[in-house]
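Novice: pasting a predicted model and its sequence here:
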Amino acid sequence: MGDAVAPPPPRRPSSRSEATEDRSAVGRVRAAPRLDTRGPLVSAVGLALGPAAALGWARFAYSLLLPTMRADLHWSFAQAGAMNTANAVGYLAGAITAGPLVSRVGSRQPYLAAFGLTALALLAEATTTHFAALIALRLVAGVSGAVVFISGAGLMTQVVRKLPPGRSAALLGTYFAGGGLGIVISAVALPPLVGLTGGGSWRWGWVVLGGASVLALAGSAPAALSVPQPSIPPGHRLFGWPVRRLAPTLVAYGLFGAGYIAYITFIVAFLHSQGMTTATISAFWAVLGAASVFGVFAWSRPLGRLHGGRGPAMVLAVTTLGALLPLLVASTGGDFASAALFGGAFLAVVTAITDMARRSLAVHHVAPAIAVLTVAFGIGQSLGPIFAGVLSTGPSGVRTGLGLGVALLSAATLVALSQRALPTVDHASQHAQGRP
């Protein structure tokens, strides 16, 4: 064997500037693993305008316009309730539709198209007094709102796919906080408008909500267009994911849908029956919305650390306590504490369940899973007001309907606890390896 050749000595920098460049290069290499989270945050804020319109304005704001609409259009309580039922049925239909739609074309196109349809439906509600036409428009707003919510959640799972659990939960919370932001904006904007314009003022309310939705779409579109979409496997189906793995969560989410909507539907009537003024009820609504925005951020770190059904069960327990307070404490302070607790937790339930699905399933399974979970939620949301309404016609009135909501939320908490922890899926590794 020949003589070994000695390696050449390391080259020294020939000048001070070259040495500085070398140190800068080392600094760049060391800094490379840090993730830039400013882009995901901007995307999350933009996409959060979807729930603001789809939930805060197209769904919940109706409660603020209902008294004026009922007086001006001479509706019975049954007719007024039918509007909410139509919206809930539309939401269920939209949840059923969204899964196959997202599986076929991805999340971006359904999000933008349904967002535009939601804005048009809200504007159109200002143009007619016909009961059947308004029922149809509330139905359309429910369908499009569900598609916005589900497809937007699908886009958000792409935004957070490379982030650690705590950070991803916080950004998912930003998205779901959009619904609370919509509640706050409607609570601030609509009551003064209704009070100033008198009879027929509900029309201007829908114009404001529709116009705000158009502006929100313009603000959200750049974020939606900037989010990459995962490849969709051929033949992918709505139930082409391991449904049994999340069976307890499906049941718990359905019970939550029935329980939370019983509270949302009947709490205003209950407060009226306790002698609360319209101005105080508007403040109650604003507190509930503001608490929901704060709550999704406050819960992000605990939810990032909890596994299995413990995260959803924890926020469900707080939601249950918030719904129970008005029945236990007959005071304005107790009512506002209820708004703070219920508002601070009910949207965090959605965050907890969505984040658990995201961490437990492959990236191309997440949007269909969210759609199926939303169907379970929508079924509960459609049935809850019916059963609570029947019970509220008894001698105890709406107190019984609120009691049913508490019972359903308690059951949801117990069922959620039975969800076992599942192995966490590394979405960043899937993406790096070119897998969908």
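Specialist: Looks like it came in fine.
Novice: wait, what's in contact with the spatially closest residue to residue 180 that is not a sequence neighbour?
Specialist: Nearest non-adjacent residue to residue 180, counting by CB to CB, 6 or more residues apart in numbering: residue 292, 3.1 Å away. All C-beta atoms are positioned from the backbone trio N, CA, C, and that covers glycine. By CB atoms under 8 Å, 6 or more residues apart in numbering, the contact set of residue 292 is 177, 179-180, 183, 343-344, 346-347.
Novice: from these, which land in helices?
Specialist: If you go by DSSP state H, those have 177, 179-180, 183, 343-344, 346-347 in helices.
Novice: compile these into TSV and extend it with columns for distance to residue 373.
Specialist: Shown next, in TSV, are the ones in helices among the contacts of residue 292 (distance: CB to CB, whole Å):
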residue	distance to residue 373
177	19
179	16
180	20
183	22
343	22
344	22
346	15
347	15
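Novice: nearest to residue 396, of those?
Specialist: Nearest to residue 396 out of the ones in helices among the contacts of residue 292 is residue 346 (CB to CB; 24.1 Å).
Novice: my read: that closest one touches residue 260, true?
Specialist: Yes: at 5.3 Å, residue 346 counts as touching residue 260 under the criterion of CB atoms under 8 Å.
Novice: next, name the residue at the spatial heart of the protein.
Specialist: Among the residues of the chain, the one closest to the centroid is residue 176, at 3.8 Å (CA atoms, centre = their mean).
Novice: I figured that one hits residue 350, correct?
Specialist: Yes: using CB under 8 Å, residue 176 is in contact with residue 350, at 5.2 Å.
Novice: related to what we said a few turns ago, which residues touch the residue nearest to the centre of the chain?
Specialist: 48, 51, 296, 347-348, 350-351, 354.
Novice: picking up where we left off before, which residues do residue 346 and residue 260 both contact?
Specialist: residue 319.
Novice: now residue 256: which helix or strand?
Specialist: helix 247-273 (DSSP states H and E).
Novice: any idea of the mean pLDDT for that helix?
Specialist: Per-residue pLDDT over helix 247-273 has a mean of 88.
Novice: which parts of that helix are buried?
Specialist: For helix 247-273, a neighbour-count test (16 or more other CB atoms under 10 Å) marks 248-271 as buried.
Novice: just checking, what packs against it?
Specialist: Judged by 3 or more CB pairs under 8 Å, 6 or more residues apart in numbering; DSSP states H and E, helix 247-273 is in contact with helix 278-298, helix 310-328, helix 332-360, helix 363-392, helix 398-417.
Novice: nearest to residue 89, of these?
Specialist: When the helices and strands packed on helix 247-273 are compared by CB to CB, helix 363-392 sits nearest residue 89, at 5.7 Å.
Novice: relative to helix 247-273, how tilted is that closest one?
Specialist: Orientation check (axes from the mean of the first three to the mean of the last three CA atoms, to 10 degrees): helix 363-392 against helix 247-273 gives 40 degrees.
Novice: over helix 363-392, what's the mean pLDDT, rounded is fine.
Specialist: 80.
Novice: and that helix with helix 398-417, angle?
Specialist: Using the same axes, to 10 degrees: helix 363-392 against helix 398-417 is 150 degrees.
Novice: what about the residue nearest to residue 180, distance to residue 86?
Specialist: 24 Å (CB to CB, to the nearest Å).
Novice: tell me how many other residues crowd residue 305.
Specialist: As a burial measure, residue 305 scores 11 neighbours (other CB atoms under 10 Å).
Novice: I misspoke; the intended subject was residue 396.
Specialist: So residue 396, with other CB under 10 Å, has 12 neighbours.
Novice: cool, residue 78 as well?
Specialist: Residue 78 has 9 neighbours, counted by other CB under 10 Å.
Novice: was I right to think residue 140 contacts residue 116?
Specialist: No: between residue 140 and residue 116 there is no contact under CB under 8 Å: 12.0 Å.
Novice: tell me which of these two has more neighbours.
Specialist: residue 140 (23 against 16).
Novice: SS state for the residue lying closest to the more buried one once chain neighbours are set aside?
Specialist: The shortest distance from residue 140 to any non-neighbouring residue, by CB to CB, 6+ apart, is to residue 121 (4.6 Å). Under the three-state scheme (DSSP: H, G, I helix; E, B strand; the rest coil), residue 121 adopts helix.
Novice: what distance do you get for residue 121 to residue 243?
Specialist: Distance from residue 121 to residue 243, by CB to CB: 32 Å.
Novice: comparing the two, which residue is more hemmed in?
Specialist: residue 121 (24 against 15).
Novice: contacting residues around that one?
Specialist: Residue 121 neighbours (CB under 8 Å, 6+ apart): 58, 137, 140-141, 144, 210.
Novice: narrow those to those in strands?
Specialist: Among the contacts of residue 121, no residue falls in strands (DSSP state E).
Novice: ok, of those, which one's closest to residue 76?
Specialist: residue 137 (19.3 Å).
Novice: list the contacts for the closest one?
Specialist: Shown in contact with residue 137 (CB under 8 Å, 6+ apart): 121, 124-125, 128.
Novice: can you put those residues in TSV and add distance to residue 334 and pLDDT?
Specialist: As requested, the contacts of residue 137 are exported to TSV (distance: CB to CB, whole Å; pLDDT from 0 to 100):
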residue	distance to residue 334	pLDDT
121	37	97
124	40	97
125	35	96
128	40	94
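Novice: looking at those residues, which has the most residues close by?
Specialist: residue 125 (26 neighbours).
Novice: any idea how far residue 360 is from residue 247?
Specialist: Residue 360 sits 12 Å away from residue 247, going by CB to CB.
Novice: so residue 325 makes contact with residue 339?
Specialist: No: if you go by CB under 8 Å, residue 325 and residue 339 don't touch, sitting 9.1 Å apart.
Novice: who has more neighbours, those two?
Specialist: When neighbours are counted by other CB under 10 Å, residue 339 comes out ahead of the other of residue 325 and residue 339, with 24 against 20.
Novice: what's near enough to touch that one?
Specialist: Counted by CB under 8 Å, 6+ apart, residue 339 has contacts 284-285, 287-288, 291, 322.
Novice: by pLDDT, rank those residues and give me the bottom one.
Specialist: Among the contacts of residue 339, residue 285 has the weakest pLDDT, 88.
Novice: neighbours of that residue, how many?
Specialist: Applying other CB under 10 Å, I find that residue 285 has 26 neighbouring residues.
Novice: same thing with residue 156?
Specialist: Around residue 156 there are 30 other residues, counting by other CB under 10 Å.
Novice: now stretch 73-86: mean pLDDT?
Specialist: On average, stretch 73-86 scores 80.
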